[in-house]
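>>> Give me a model of this one.
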Amino acid sequence: MTRWAPLLALPLALLACGAEDDAGPLEIRPGASPGDAGAAGASGSSGSSGVSGSSGSSGAGSAGASGVSGSSGSSGVSGSSGSSGVSGSSGSSGVSGSSGSSGKAGSAGASGKAGSAGASGKAGSAGSAGASGEAGSAGAGGAAGAGGAAGCPAEMTPVDATGAACIDRWEAYVEVLAGPGWTPRSPYLVLDGEAAEFRAASAPDVVPQGYISGAQAKEACLAAGKRLCTITEYRAACRGPDDHLWPYGDVRVPGACNEGRAQHPVIELFGPGTPFDSAHMNDPGLNQLPDSLAKTGSHPLCESANGAFDLAGNLHEWVDDPGGTFLGGFYVDAVLNGQGCAYTTTAHSMSYHDYSTGFRCCL
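Down below sits the predicted model:
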């Protein structure tokens, strides 16, 4: 049975991220499928902060002065450990189902948003609210619909002024091939053991995918006809032409991006003394707590100069580094391992995942 702990004033090393969920009461469901994650979300190179252990270290840290630590290599069953996880249905993402090979996303209804089109996943988003929401050109490999900047697909923007590469404007969610077309997958579940073909998609006002490894993120981008961003591309898009520390400027503005949550979600969900192991760190309920993971683009001040959102905070984002690197921080912390755009975590291999790990794609 899930235990809910009262809010506690924790040391800086235990700052945690928080999601905005306006979908109503949490829905209690069984935990997720087996995962291979081990260490804490706010991980990085080991040091005095105590936020994470280096890759390969043994033993998971416990809540308290030791901070959030553990080994990236430990295995375990994701989902709840001694507690039912909270599993939201994919309907909470707010994305209408995308179409099959025709490349036309489903109608968006009142929201005016629709899933990406065709096998390439490069469809443009739907038009204005209440319109039919047909986006993208026909064909399995169709190019983007109208609205992309400097030749980028509509859901992307140039990394920098050169226009040599494009980056998703929003953190990615995952679609699976179900029947005749693609449908959004629950962003609260690990992808370990996923039998269906899956791909990345990007759109505003959806819950992005956490609980994803670097290897899975790379696979999802490739299936969408894209790729993981390089470290250089990600930082260039985040910093903008003026090389800012944060997407919006050089001085941190609390609340501008989704970072700085006062209580670690593992402690809030399971109580003090809970080990930061794979089972607890991959529980689907973590990213459904109030003030935890936010929908894409819901922090309008956290927009970079080129129009990309949440490059700092919300979710750690995997980049294309075989050694394993994610950037930007997450909803608990975007300061301890470097401020905002400089935030870098290198403690885990590409097989690691927990509630805080997400991604976006480049092209």
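
>>> Show the contacting residues for Ala256.
When contacts are counted by Cβ atoms under 8 Å, 6 or more residues apart in numbering, Ala256 touches 246, 248, 299, 301-302. For every residue, glycine as well, the C-beta is placed using N, CA and C.

>>> thought Cys362 was touching Arg227?
Yes. Using Cβ atoms under 8 Å, Cys362 is in contact with Arg227, at 5.9 Å.

>>> Looking at these two, which one has more neighbours?
Cys362 (21 against 16; other Cβ atoms under 10 Å).

>>> the helices in this protein, which residues?
214-223, 231-239, 265-270, 278-281 (DSSP state H).

>>> okay, these in JSON lines with distance to Leu177 next?
Converted to JSON lines, these look like this (distance: least, Cβ to Cβ, whole Å):
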{"stretch": "helix 214-223", "distance to Leu177": "9"}
{"stretch": "helix 231-239", "distance to Leu177": "28"}
{"stretch": "helix 265-270", "distance to Leu177": "31"}
{"stretch": "helix 278-281", "distance to Leu177": "28"}
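
>>> any idea which of those is most buried?
helix 278-281 (a mean of 29; mean count of other Cβ atoms under 10 Å).

>>> For that one, the averaged confidence score.
The pLDDT scores in helix 278-281 average 98.

>>> and it, what other elements does it pack with?
On a contact count with 3 or more Cβ pairs under 8 Å, 6 or more residues apart in numbering; DSSP states H and E, helix 278-281 meets strand 76-77, helix 265-270.

>>> Quick one, which of those gets closest to Asp283.
helix 265-270 (6.6 Å; Cβ to Cβ).

>>> which neighbours do Cys362 and Arg227 share?
Cys221.

>>> Flag the shaky bits of this structure, pLDDT-wise.
Applying pLDDT under 70 to the chain flags the ranges 1-149.

>>> so where's the longest strand in it?
strand 172-178 (DSSP state E).

>>> What strands line up against that strand, and which way round?
strand 181-184 (antiparallel), strand 198-202 (antiparallel) (DSSP bridges).

>>> Highest mean neighbour count across these, which stretch is it?
Of the strands paired with strand 172-178, strand 198-202 is the most buried (mean count of other Cβ under 10 Å), at a mean of 26.

>>> what's that strand in contact with?
95, 98, 115-116, 119, 121, 155-156, 168-177, 182, 184-185, 191, 217, 219-221, 223-224, 226, 296, 359-361.

>>> what's the angle from it to helix 214-223?
Here strand 198-202 points in a direction 80 degrees away from that of helix 214-223 (axes from the mean of the first three to the mean of the last three Cα atoms, to 10 degrees).

>>> Restricting to C-alpha, output strand 198-202 in PDB.
C-alpha atoms of strand 198-202 as PDB (Å, rounded to 0.1, in the frame of the first residue of the first chain):
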ATOM      1  CA  PHE A 198       7.900   2.700 -30.500                       C
ATOM      2  CA  ARG A 199       9.100   6.100 -31.600                       C
ATOM      3  CA  ALA A 200       9.600   9.600 -30.300                       C
ATOM      4  CA  ALA A 201       7.200  12.500 -30.800                       C
ATOM      5  CA  SER A 202       7.200  16.100 -29.700                       C
END
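
>>> which residues sit in contact with Val174?
Here Val174 is in contact with 184-185, 187, 191, 198-201, 209, 212, 220 (criterion: Cβ under 8 Å, 6+ apart).

>>> any chance of those residues in JSON lines, plus distance to Glu233?
Formatted as JSON lines, these follow (distance: Cβ to Cβ, whole Å):
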{"residue": "Pro184", "distance to Glu233": "26"}
{"residue": "Arg185", "distance to Glu233": "26"}
{"residue": "Pro187", "distance to Glu233": "24"}
{"residue": "Leu191", "distance to Glu233": "24"}
{"residue": "Phe198", "distance to Glu233": "23"}
{"residue": "Arg199", "distance to Glu233": "20"}
{"residue": "Ala200", "distance to Glu233": "16"}
{"residue": "Ala201", "distance to Glu233": "19"}
{"residue": "Gln209", "distance to Glu233": "20"}
{"residue": "Ile212", "distance to Glu233": "19"}
{"residue": "Ala220", "distance to Glu233": "17"}
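
>>> which of those residues lies closest to Gly271?
Of those, the one sitting nearest to Gly271 (Cβ to Cβ) turns out to be Pro187, at 24.9 Å.

>>> Could you give the number of residues near the closest one?
27.

>>> Same list, the strands paired with strand 172-178, but as CSV with distance to Asp291 please.
As requested, the strands paired with strand 172-178 are exported to CSV (distance: least, Cβ to Cβ, whole Å):
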stretch, distance to Asp291
strand 181-184, 23
strand 198-202, 24
